[in-house]
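> Sequence first, predicted coordinates after that:
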Amino acid sequence: MAARALKPVNPAEMLSAWLSRNRGRFPTNASLAEALACSEGRLSQILSGGGGRLSPGLAVNIHKVTSGRVPGSAWRPDLWRRPADVPLEAAP
């Protein structure tokens, strides 16, 4: 029996699902955008999957705010191969 290929992880879908489970903590997109240090418009782009390449700082902020549930490495695999490689101390 042939092994099935894994579907690539879509970080925008991961963030959207995480946000749905954490609406008590972030009741509005504006509150999450503030925590991420980005604009609400930028967050909307990211959540829709049309956000393009994230800056390393924003990828780290998402990692931190989500406690690693949406890892920076999912957004920037060119910089970090796995969640443990994301430099949390160096984030702005």
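Arrived safely.
> For this structure, just list every one of the helices.
Along the chain, the segments classed as helices by DSSP state H run 11-21, 29-36, 40-47, 56-65, 72-75.
> Just put those helices in TSV and tack on mean neighbour count.
For every residue, glycine as well, the C-beta is placed using N, CA and C. Shown next, in TSV, are those (neighbours: other C-beta atoms under 10 Å):
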stretch	mean neighbour count
helix 11-21	16
helix 29-36	16
helix 40-47	16
helix 56-65	21
helix 72-75	24
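> Can you tell me which of those helices is nearest to Pro87?
Nearest to Pro87, of all the helices of the chain, is helix 56-65, at 6.9 Å by C-beta to C-beta.
> which residues are in contact with that closest one?
Around helix 56-65, the neighbours that count as contacts under C-beta atoms under 8 Å, 6 or more residues apart in numbering are 15, 32, 35-38, 42, 54, 70-73, 75-76, 79, 83, 86-88, 90-92.
> In JSON lines, list the helices of the chain along with mean pLDDT.
As requested, those are exported to JSON lines (pLDDT from 0 to 100):
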{"stretch": "helix 11-21", "mean pLDDT": "95"}
{"stretch": "helix 29-36", "mean pLDDT": "97"}
{"stretch": "helix 40-47", "mean pLDDT": "96"}
{"stretch": "helix 56-65", "mean pLDDT": "97"}
{"stretch": "helix 72-75", "mean pLDDT": "96"}
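> mind checking how far stretch 72-80 is from the chain centre?
Stretch 72-80 has its C-alpha centroid displaced from the chain centroid by 10 Å (C-alpha atoms, centre = their mean, to the nearest Å).
> Could you do stretch 54-66 as well?
The chain centre lies 6 Å from the centre of stretch 54-66; the measure is C-alpha atoms, centre = their mean.
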